[in-house]
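Engineer: What follows is a predicted protein model with its sequence.
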Protein chains: 2
Amino acid sequence: MKKQQILSQQVCFPIYAFAKEIINQYRPLLDAIELTYPQYLVMLVLWEFESQTVNQLGEKLKLDSGTLTPLLKRMESKLLVTRTRSSSDERIVNIALTQNGKALQIKAANVPAQLIEAMNVTVEELQELKNIISKISNKNNKK
Amino acid sequence: MKKQQILSQQVCFPIYAFAKEIINQYRPLLDAIELTYPQYLVMLVLWEFESQTVNQLGEKLKLDSGTLTPLLKRMESKLLVTRTRSSSDERIVNIALTQNGKALQIKAANVPAQLIEAMNVTVEELQELKNIISKISNKNNKK
DNA sequence: AACAATTAAATTGTGTGCAATTTATTTAAC
DNA sequence: GTTAAATAAATTGCACACAATTTAATTGTT
């Protein structure tokens, strides 16, 4: 058997497992404000930019309309965002925060600190991880 | 606005996005042998251990029966594995490789190298990433 | 201006991923 | 020895994630 075909030798499996682990650590924190992790990411973008097209959200979050459309409809039904077709270009759908959505930012303020606490890591360790990932992924984005 | 509530400040988002990116890089390679990434992970375990219970697979891959049962049924229908209830303990289902499943190992032999190539990374970079992740996640497993 | 090409979302279909519950079996306690 | 507790899979239900296609609107070409 090739050494590379052994699970413990896999370099990608730990990343896959760790990403799931992070989302699982977020879950109880986000349950408290009735958001899923992808929905929380959408909120982060909207808290920063107020209004975004589906495309803009997709670029920032690396998600396509097949994922975003139903996700945003769920967020709309929770009264967190509005979905409005642009009048200047009817193909574009603008996603904007409602008052509810804006208000949620305060309730979510301590989520980042709680996560660090729950994961039992230091910000420095996560930063180190982030640095390596950006070093690796930037190589391909430049193409 | 709190600095921690800005997407670009998030330390977990890059890991989430990178994990998806890896799976997307695997996709065309695994399409060629008609496996999804989680199915490929199951195959890696079985190539190494020949036979595993659903529980053992779940522990190694960090997946529960709600995920594994339908996944393994799909693999069974592709004639890659057999699912057999243990005679000594009828609660346990043993997953074993078929001849087809064993044979697939040869076709999958160059997947790891192809992935490294496709991602345009060095093994050293991925190893560095793996080291940091194991440093972080081991802290919690010890509890 | 008419029509092709492009673009933005939505839709369809398949496959995870996980919480919560259920079913069946085995083990433990009395 | 019978009932309770524990265990292993399976089931149910919901929410992504993404490929492929479709629909609708806009832009570019002639």
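Structural biologist: In hand now; what should we look at?

Engineer: Going by neighbour count, list what's buried in stretch A:95-105.
Structural biologist: Along stretch A:95-105, these residues count as buried under the neighbour rule (16 or more other CB atoms under 10 Å in any protein chain shown): A:95, A:97, A:98, A:101, A:104, A:105. Glycine gets a C-beta too; all of them are placed from N, C-alpha and C.

Engineer: Then stretch A:119-129?
Structural biologist: A:119, A:121, A:125, A:126, A:128, A:129.

Engineer: that older thread, redo the buried residues of stretch A:95-105 as CSV? Include secondary structure and pLDDT.
Structural biologist: Converted to CSV, the buried residues of stretch A:95-105 look like this (DSSP: H, G, I helix; E, B strand; the rest coil; pLDDT from 0 to 100):
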residue, secondary structure, pLDDT
A:95, strand, 98
A:97, strand, 97
A:98, coil, 97
A:101, helix, 96
A:104, helix, 97
A:105, helix, 96
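
Engineer: Residue A:42 and residue A:48, how far apart?
Structural biologist: 11 Å (CB to CB, to the nearest Å).

Engineer: The two: which is more packed in?
Structural biologist: Between residue A:42 and residue A:48, residue A:42 has the larger neighbour count (other CB atoms under 10 Å in any protein chain shown), namely 25 against 15.

Engineer: Residue A:115 against residue A:28, yeah?
Structural biologist: No: between residue A:115 and residue A:28 there is no contact under CB atoms under 8 Å: 10.1 Å.

Engineer: State the pair within the buried residues of stretch A:119-129 that is farthest apart.
Structural biologist: A:119 and A:128 (14.0 Å; CB to CB).

Engineer: middle-most residue in chain A, spatially?
Structural biologist: Taking CA atoms, centre = their mean as the criterion, residue A:41 is the residue nearest the geometric centre of chain A, at 3.2 Å.

Engineer: Let me know the pLDDT of that residue.
Structural biologist: On pLDDT, residue A:41 comes in at 97.

Engineer: dump the residue contacts of it.
Structural biologist: Neighbour list for residue A:41: A:61, B:7, B:13 [criterion: CB atoms under 8 Å, 6 or more residues apart in numbering or on different chains].

Engineer: Quick one, which of the residues you listed has the minimum pLDDT?
Structural biologist: residue B:7 (72).

Engineer: ok, the strand or helix carrying residue A:118 near DNA strand C or not?
Structural biologist: Element membership of residue A:118 [criterion: DSSP states H and E] is helix A:111-119. No: residues of helix A:111-119 are not located near DNA strand C by CB under 7 Å from any atom of the strand, the shortest gap being 13.1 Å.
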